[in-house]
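Enquirer: 3D, please:
(one chain, ligands or ions: 2)
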Amino acid sequence: MSFSPPRTGRLIVFTGPSGVGKGTLLRALRDRYPALQLSISATTRAPRPGEVHGRDYYFVSREQFQAMVERNELLEWAEFAGNYYGTPKAAVLQQIEAGNWLILEIELEGARQIRASFPHALQLFVLPPSLTELEHRIRQRGKDSDEAIEKRLERARVEIEAAPEFDIQIINDDLETALQQLEQSIFDQ
Ligand code: ADP
Ligand code: 5GP
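Expert: Ligands and ions are numbered 1, 2, ... in the order given. This is a model prediction of the structure:
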């Protein structure tokens, strides 16, 4: 009879300025490692074209978000560029208990909250090759208004300054190179 030791669940925090390529990197990573789980956040932001409720985010009203906060249903939450974003607690705890590896793609303030509550979580930060390239990527994605783009760029400067707080920094210049560094960071720990 073979014996399989229980797998240990693990939390991985993935942060970096909007438009740096977090979603692109995580989609590619999931294609290679379908067992990696991605937490689905709640947000008051309106869906972008092509985004699906329950797959990309749980799109909720401000009142619904407020109620989740009051019922203590979020592991962390923050305001970003005029909207609220938060990680549903029950789903995360369930995944960790089941022994899964779970990635939280969240902004800086949320990452700091997780650092306080889950000090053993691996914290990764993705950097752009330059601010000019970051702006180019956000514009070329073509899914945010000019106002939303300005807010994201303003916030990007603050977030990039905080990159050294994280365990590992990955520069997303060439996508394949960044993906390899991401794989190494996650699996070689
Ligand atoms: P985020 O999830 O961090 O907001 P996205 O994954 O939506 O960012 O990427 C923003 C834009 O940048 C997309 O149009 C994406 O195709 C592009 N992009 C991502 N990674 C790279 C890369 N390494 N080189 C060039 N463009 C990239
Ligand atoms: P976007 O509007 O571009 O999808 O996301 C904006 C920012 O919110 C990104 O930096 C993204 O990582 C972050 N974000 C997404 N979900 C959450 C969450 O649950 N909590 C926090 N704190 N940030 C989140």
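Enquirer: every contact and neighbour count from this point should use C-alpha atoms.
Expert: Will do.
Enquirer: just the helices in the protein please.
Expert: Secondary structure of the chain (DSSP state H): helices located at 22-32, 62-70, 89-97, 108-117, 131-141, 146-161, 175-187.
Enquirer: which of these sits most buried?
Expert: Highest mean neighbour count among those (mean count of other C-alpha atoms under 10 Å): helix 108-117, with a mean of 18.
Enquirer: mean confidence for it?
Expert: Per-residue pLDDT values over helix 108-117 give a mean of 97.
Enquirer: can you spell out which helices and strands pack onto it?
Expert: For helix 108-117, the contact count by 3 or more C-alpha pairs under 8 Å, 6 or more residues apart in numbering; DSSP states H and E identifies strand 10-15, strand 74-80 as packing neighbours.
Enquirer: mind putting those strands in TSV, mean pLDDT and distance to ligand 2 included?
Expert: Formatted as TSV, these follow (pLDDT from 0 to 100; distance: least, C-alpha to the nearest ligand atom, whole Å):
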stretch	mean pLDDT	distance to ligand 2
strand 10-15	97	6
strand 74-80	97	5
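Enquirer: how about those in CSV, adding mean neighbour count?
Expert: Converted to CSV, the helices and strands packed on helix 108-117 look like this (neighbours: other C-alpha atoms under 10 Å):
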stretch, mean neighbour count
strand 10-15, 22
strand 74-80, 18
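Enquirer: need those in CSV (columns: distance to ligand 1).
Expert: Below are those laid out as CSV (distance: least, C-alpha to the nearest ligand atom, whole Å):
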stretch, distance to ligand 1
strand 10-15, 8
strand 74-80, 12
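Enquirer: mind putting the ones you listed in a markdown table, distance to residue 30 included?
Expert: Output for the helices and strands packed on helix 108-117, formatted as a markdown table (distance: least, C-alpha to C-alpha, whole Å):
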| stretch | distance to residue 30 |
| --- | --- |
| strand 10-15 | 14 |
| strand 74-80 | 23 |
